[in-house]
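# Predicted model and sequence follow; I will ask about them next.
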Amino acid sequence: MQEKIYNVLFLCTGNSARSIMAEALLNSLGKGRFRAFSGGSYPTGTVNPHAIEEVRSVGYPADNLRSKSWEEFAGPGAPHMDFVITVCDQAAGEVCPVWPGHPVTAHWGFADPAAIIGDAAGRRAAFARVAREIKNRLDIFLSLPLDKLEHMAIKKSVDDIGKVYNVLFICTGNSARSVMSEALVTILGQGRFRGFSAGSRPGGSVNPFAIEQIKAFDHYYPTENMRSKSWSEFAGADAPAMDFIITVCDNAAGEECPYWPGHPATAHWGYEDPAALAGSDEEKRALFARVFGQIMHRVDAFVKLPLHAMDKASIRQEIQAIGAMPV
């Protein structure tokens, strides 16, 4: 019996960058099991050259990629899609055509790399980052046992792939450990995790050695707006709902926390305070680098958890176990 080939249509507004990269990456990674297409609600008519660079970097032939209207896939002669996935928030909010065949629909949002204003190196870095984020979600998609799942289970699984998990890291002063954790979960999470940080008694400034470590790891990570702030900012009704609350210093772990909306999963991942070291700049840098590496070790294990396939009790157990990992 011939294995089913799944047709997948990726949509964004201009069909010049994100949807193009998703089309090419799935055609490359899918190894014949998936046939990917892309379209736009308001196509620009041209494919962004940085998107072409990313496509060619995976060995996919980019010659036939073009920016085109989603209407090409809504007519009676169009190939029937099994999945239609929007990859930009604007397209997700638009009224789509009626797709033949009643495909599974989902939204996987990615930041628009074409909107980055800066030098060529910065724009290339933005496209490379979004390409990695797309691949991260496609890897999960490709691992789904589609032939064994019922329609509603497939729909839920594909929706869950697009979920972005909010993670709040807490320490006392919110100047070093929680700030580095915030950056690392955002970077290593590759679009599926959004980091935040706060303190029970914020010191009011971010330690420059923490910023130095973040920039050394990812030069283009936006540290300009990082600040030391109170955990009360995240306890109000209008605050972003957190999926995870993780304390990273023993003092904060022992304090009475505010009430967190949404009942997030909680854990404690303790680290030595590098900001407490009284020594030379070289000694401080060495300690910050060591703690940064310890945080990276735990965050890397965290973002690799198959959260989309785990129940709440298993998730809580796993994130608490990460806090007990030797660093």
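Yep, it's here.

# what about the stretch 151-300 of the chain, any weak spots by pLDDT?
Where the stretch 151-300 of the chain drops to pLDDT under 70, the residues are 253.

# Strands of that one, start to end?
Listed in chain order, the strands of the stretch 151-300 of the chain (DSSP state E, counting those that start in this stretch) span 165-171, 193-199, 244-247, 265-268.

# out of those, which comes closest to residue 229?
Ranking these by proximity to residue 229 (CB to CB) places strand 193-199 first, at 5.4 Å. (Each C-beta comes from the backbone N, C-alpha and C, glycine too.)

# tilt between that closest one and strand 165-171?
Strand 193-199 runs at 20 degrees relative to strand 165-171, counting by axes from the mean of the first three to the mean of the last three CA atoms, to 10 degrees.

# and strand 193-199, what does it pack onto?
strand 165-171, helix 177-188 (3 or more CB pairs under 8 Å, 6 or more residues apart in numbering; DSSP states H and E).

# Now do the shortest one: everything it contacts.
Contact partners of strand 165-171, identified using CB atoms under 8 Å, 6 or more residues apart in numbering, comprise 177-178, 181-182, 185, 189, 192-200, 231, 234, 240-249, 251-252, 257, 260, 264, 273, 307.

# let's go with 7 Å and repeat that
If you take CB atoms under 7 Å, 6 or more residues apart in numbering as the criterion, strand 165-171 is touched by 177-178, 181-182, 185, 192-200, 231, 234, 240-249, 252, 307.

# Report the buried members of those residues.
By neighbour count, with 16 or more other CB atoms under 10 Å, those hold 177-178, 181-182, 185, 192-200, 231, 234, 242-249, 252, 307 as buried.

# residues in contact with the closest residue to residue 201 other than its chain neighbours?
In space, and not counting its chain neighbours, residue 201 is closest to residue 172: 5.5 Å by CB to CB, 6 or more residues apart in numbering. Residues in contact with residue 172 (CB under 7 Å, 6+ apart) are 199, 200, 201, 249, 251, 252.

# Report the spatially nearest residue to the fifth one, omitting neighbours in sequence.
Spatial nearest neighbour of residue 251, excluding adjacent residues (CB to CB, 6+ apart): residue 172 at 4.7 Å.

# I'd like the distance between the one you found and residue 134.
Per CB to CB, to the nearest Å, residue 172 is found 38 Å from residue 134.

# what's the answer for residue 166, then?
Plainly put, residue 166 is 20 Å away from residue 134 if you go by CB to CB.

# neighbour-wise, which of those two wins?
Ranked by neighbour count (other CB atoms under 10 Å), residue 166 and residue 134 place residue 134 first, with 25 against 19.

# JSON lines for the helices and strands packed on strand 193-199, including distance to residue 26?
Putting those into JSON lines (distance: least, CB to CB, whole Å) gives the following:
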{"stretch": "strand 165-171", "distance to residue 26": "23"}
{"stretch": "helix 177-188", "distance to residue 26": "23"}
